[in-house]
Each structure stands twice: as structure tokens, then as C-alpha cells.
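In: Predicted model, plus sequence, below.
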Amino acid sequence: MRAVYVAEIDKVEVVDREVPVPGPGEVRVQTVLAGICGSDTHAVAGHHPLLPPPYFPGHEATGVVDELGAGVSGWTKGERVIVKPNVSCGECVNCKAGRTNACQTLQWIGCDPSGAHKGAMAGYVIVPAGNLFRVPDDVTDEQAVLVECLATPVHAARIAGDLHGAKALVIGAGTIGLFSLIAALRAGASPVVVSDLDPTKRDRAVRCGAKAAIDPAAGDLPAKVRELLGGPADVVFDCVANDFSVKDAVASVRRSGTVLIVGVPPRDITVPLPFVQDWELTVQGCANYTGADIDTAIAIAAGGGLPAAEVIAATYSIEDAPAAFAAAAQNSSGKVVLKP
């Protein structure tokens, strides 16, 4: 089969690999669509702090069950599935507490330089049976491939606490930012304001439910946020995670509010700790998701709340993966997906 391989920084290849055989407790899935994540483009550029090449990418994926390993039951060939790529041990203190996303020995399908779990940007991918989720009949393949990405903001909104009636700011309106808007609204936040440098992304955010979308380059973002929200934000989803966005986040949130770090910081950044301390702010890291968050994301998709047509900008053949990665790395407003 053909598979995408990030050989080194700035080098994406399509290579031949043997079709993998599922072991005990595993399922072979034939990939239908695989999304290119920002973490993938950052890794290729050498900007991801935790994902150095080489690796076989593909952690956002939907497909169909192809073959069952020994001891696997409850699945039949041809069933449509979504891959949950974070593989937890089930035994550590966090797993036992239900925080499988924070497993002490967490591994990743398609996002792991160890090579333990090769990714789904290939004809087939091997997945532990417990990491598969059924796709409802009323969810399209294009929606299904976005579920994994949506689950991260769903998780962020859940661990933020009760958001019913909360005033919210989302910083960054790329895919994760747009999905943070959707997750915040789903969790009951209202109103929600979004900021982004790109006018196309700002317009899309408004179409998807934001009260307003602000250009942070226009100056005095916190004042504009307070004006639009009728006061400071109760919660801020920082989907950019750099020095500028964190500064704006802290300046825009109320005393005793919460700043959620949803975006992956490319490096160490400066946090305005005097305000964190004096205003008793919660600065909450948000790392991936649990199975419950995947279930919620699937329910959002099934309810018509996952606008795939707004999100997916282009679909490429797997043979055109280098071009697809290049397109995904541009400052575009949409998700690029591969079709093996």
C-alpha cells in the first residue's frame, strides 16, 4: 500500500509499505479520509516542540473496518468508524480517574515519532479495538473526518466548567478556533466573540454563530471584547498560544476567570503572572480528549452542528500528499484532507 511519510523537516514523501496485519485486540481499518492537522504542518516545518520527524502521519481519520485481530468482537467488516488516535494504558492514576487523555504513557496513532503506531495517511491503519467509534448513518465521511479535531475544543469546553450563560472569547479562528466557537456555543456560552487576523476566517466565524469577529491588529482588543460582550470574558479559548495571544487573553478575562490554552505553543512563552496571581485566574492546559468528548463531537455532527462545507478547503489524492501538506501550511481558512 501507499503511505505518507514525514522523512525529515521540510520533506514529505509517499512510500510503499506492507499492508499491516492486526494483532490481538486490534482492528485493521481501511482509510477513507485523513485530515492534515496543524500539528502535522508544524512538525514538517520543525516548529512542533513534541513531534520531531521522522514519523508516519495521520491521526485525524475515518474509514471502514477491514479485518479483526484475535479476540476482537462487536465489529463487522465494512462498518464505518472514526479513529480515536490517543492510546492510553488504562492502568495509571490518570486513566483510573477517567482522564485517559492525560495517561502517563500516552501514545499516538499517526502522531508519534517512536513509530509504535503508524498513521492513517495510508491505505490501511491498525487501531486498538477500543479506539474505534461508529459513524452514525446521518454523518457524512467529511463530517466524520473532522470529529477528532472537534473533540479537542469539546474537551476544553468541558473542563472549563459550567459555561451556560458565560461570556466567551475565542482567540484564533482557524479550524481549532472555529471548533472552539462551536463547542462553546454547544456548552451554553453566550455571547461568543472571536478574534483573528484573517478577514475570511472572521467572516466564517460569524456565519457559524459568533456574535462578532475582531481583528486583533486593529488595536485594543480587550476594550473591544468588553464592549461586545457587555463586560470582560468569563472564559477565553486561546487557540493561538503565543506571547501576544496570551497577553490579550489575560487582559480580556474577568477576575477569577479562566484562560484555556487550546493551541499548541511552538515554544516557551511569557505569561503575565502578576495578573494571574492578583486576579486569581485559572490558566488551564487543554490536551486532546477522552472517549466521552469523542461521543459529544459525534453527537454535534449528527445534530447538524459540524459544518464540513465551511471547514474542508480541499481534498487531495494520497499521491499528492507533498502538495497537500504545502497547501495546509498556508494561512488558509480551511482543512485539507487526503483520500487514499
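Out: Received, thanks.
In: Just to check, residue 302 is in contact with residue 139?
Out: Yes. Residue 302 is within contact range of residue 139, at 5.4 Å (criterion: CB atoms under 8 Å). No exception for glycine: its C-beta is placed from N, CA and C like everyone else's.
In: These two: who's more crowded?
Out: With other CB atoms under 10 Å as the criterion, residue 302 and residue 139 differ in neighbour count, and residue 139 comes out ahead with 24 against 15.
In: Count the residues that sit near the residue lying closest to that one once chain neighbours are set aside.
Out: Residue nearest to residue 139 in three dimensions, not counting chain neighbours: residue 301, with 4.8 Å by CB to CB, 6 or more residues apart in numbering. The local packing of residue 301 (other CB under 10 Å) involves 24 other residues.
In: buried stuff in the strand or helix carrying residue 301?
Out: Assigned by DSSP states H and E, residue 301 belongs to helix 291-302. Neighbour counts using 16 or more other CB atoms under 10 Å place 291, 293, 294, 296, 297, 298, 299, 300, 301 of helix 291-302 among the buried residues.
In: Who does residue 128 form a beta bridge with?
Out: Residue 128 has these beta-bridge partners by DSSP bridges: residue 26.
In: who touches residue 274 in this structure?
Out: Shown in contact with residue 274 (CB atoms under 8 Å, 6 or more residues apart in numbering): no residues.
In: let's see it at 10 Å
Out: Shown in contact with residue 274 (CB atoms under 10 Å, 6 or more residues apart in numbering): residue 250.
In: can I get the CA coordinates of the helix or strand hosting it in PDB?
Out: Using DSSP H and E, residue 274 maps to helix 273-278. Output of helix 273-278 as PDB, limited to C-alpha atoms (Å, rounded to 0.1, in the frame of the first residue of the first chain):
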ATOM      1  CA  LEU A 273       1.800  36.100  36.100                       C
ATOM      2  CA  PRO A 274       1.200  39.300  38.200                       C
ATOM      3  CA  PHE A 275      -2.400  39.300  36.800                       C
ATOM      4  CA  VAL A 276      -2.700  35.500  37.100                       C
ATOM      5  CA  GLN A 277      -1.900  35.800  40.800                       C
ATOM      6  CA  ASP A 278      -3.700  39.000  41.700                       C
END
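In: so how far does stretch 112-132 reach from one end to the other?
Out: Start-to-end span of stretch 112-132 (CA to CA, to the nearest Å) is 18 Å.
In: Number of residues surrounding the closest residue to residue 24 other than its chain neighbours?
Out: The shortest distance from residue 24 to any non-neighbouring residue, by CB to CB, 6+ apart, is to residue 70 (4.4 Å). Close neighbours of residue 70, defined as other CB under 10 Å, add up to 9.
In: Verify the contact between residue 70 and residue 27 for me.
Out: No. Residue 70 is beyond contact range of residue 27, at 11.2 Å (criterion: CB atoms under 10 Å).
In: dump the residue contacts of the residue nearest to residue 24.
Out: Residue 70 neighbours (CB under 10 Å, 6+ apart): 22, 23, 24, 25, 26.
In: Equivalent analysis for residue 64, please.
Out: 29, 30, 31, 32, 77, 78, 79, 80, 81, 135, 141.
In: now do 6 Å
Out: Applying CB atoms under 6 Å, 6 or more residues apart in numbering to residue 64 gives the contacts 30, 78, 80.
In: three-state assignment of it?
Out: Classification of residue 64 by DSSP: H, G, I helix; E, B strand; the rest coil places it in strand.
In: Write down the beta-bridge partners of it, one by one.
Out: Bridge pairing for residue 64 - DSSP bridges - gives residue 30, residue 80.
In: Against residue 84, how distant is it?
Out: 16 Å (CB to CB, to the nearest Å).
In: tell me the contacts of the most centrally placed residue in the chain?
Out: Among the residues of the chain, the one closest to the centroid is residue 149, at 3.1 Å (CA atoms, centre = their mean). By CB under 6 Å, 6+ apart, the contact list for residue 149 reads 60, 175.
In: ok so, going back, note down every partner strand of whichever helix or strand comes after the helix holding residue 274 and its orientation.
Out: Under the assignment DSSP H and E, the closest C-terminal helix or strand after helix 273-278 is strand 282-285. Counting by DSSP bridges, the strands paired with strand 282-285 are strand 253-261 (parallel).
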